[in-house]
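Just a sequence and a predicted model for now, questions to come.
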Amino acid sequence: DQQVKQNSPSLSVQEGRISILNCDYTNSMFDYFLWYKKYPAEGPTFLISISSIKDKNEDGRFTVFLNKSAKHLSLHIVPSQPGDSAVYFCAAGRAYSGAGSYQLTFGKGTKLSVIP
Amino acid sequence: NAGVTQTPKFRVLKTGQSMTLLCAQDMNHEYMYWYRQDPGMGLRLIHYSVGEGTTAKGEVPDGYNVSRLKKQNFLLGLESAAPSQTSVYFCASRLSGSSYNEQFFGPGTRLTVL
């Protein structure tokens, strides 16, 4: 059972436009969420996170929105740049539940291509 | 400060051979993790460790063993490699304390089992 779902395997966006990457989760015990970015032949790098007590977190061009009732989060990149072309992974964790708090559950990723 | 490093970067094995992947971190992190990434499958947790001398199973532990004899190192072993273990393996580490601390990843090891 996939607890974190990224239903779009790929997304193409024109440079300068907004990129919106979506993520859905099924486990209501998740209470914090992270986005990672991955370039080919490199490890994932942390991009931005949000806890369940917030509905928005912003860091420069990157904003993550969380809709707890819908169990949905999205990553907005504005404006998109060619260097943003990468695979983006959504991840979810449980902050206060013993052994579960050590782990993250990852989605399958969305490949973003920003076209110059 | 090298962060998380992994050795080797690439390896080709024959079915039945054994090998050990080494992960090292210089950030004094308590928690360390081994993941595998397969096409269309995202990152799946194999084993993890919450401190020196401790290990625990993740989502896909079968066919792998791990050891954490030193805080800075986390070893992943394949005793008898199978083609299904062809994958890219990532190690990660994280500070203890706040559960909101992100995991830092190494560059990966690409393993092919023939």
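That came through, no problem.

per-residue confidence at residue 78?
With no chain named, the answer covers chain A. Confidence at residue A:78, expressed as pLDDT, is 97.

my bad, the chain I had in mind was chain B
At residue B:78, pLDDT is 96.

Run a quick neighbour tally on the residue of chain A found nearest chain B.
Among the residues of chain A, residue A:43 lies closest to chain B, at 3.4 Å counting by Cβ to the nearest Cβ. (Each C-beta comes from the backbone N, C-alpha and C, glycine too.) By other Cβ atoms under 10 Å in any protein chain shown, the residues close to residue A:43 number 22.

what pLDDT does it get?
96.

residue contacts, the closest residue to it other than its chain neighbours?
Closest residue to residue A:43 apart from its sequence neighbours, by Cβ to Cβ, 6 or more residues apart in numbering or on different chains: residue B:105 at 3.4 Å. Contact partners of residue B:105, counting by Cβ atoms under 8 Å, 6 or more residues apart in numbering or on different chains, are A:36, A:43, A:44, A:45, B:4, B:90, B:91, B:92.

Recalculate using a threshold of 7 Å.
Listed by Cβ atoms under 7 Å, 6 or more residues apart in numbering or on different chains, the contact set of residue B:105 reads A:43, A:44, A:45, B:4, B:90, B:92.

who are the neighbours in contact with the first one?
Right, the one you point to is residue A:43. Applying Cβ under 7 Å, 6+ apart, the residues near residue A:43 are B:90, B:105, B:106, B:107, B:108.

can you check the fourth one too?
The neighbourhood of residue B:4, defined by Cβ under 7 Å, 6+ apart, consists of B:23, B:25, B:91, B:92, B:93, B:104, B:105, B:106.

Remind me which helix or strand the closest residue to the third one other than its chain neighbours belongs to.
Setting aside the residues directly before and after it, residue B:91 is nearest to residue B:23 in space (Cβ to Cβ, 6+ apart), at 3.4 Å. When elements are assigned from DSSP states H and E, residue B:23 belongs to strand B:19-25.
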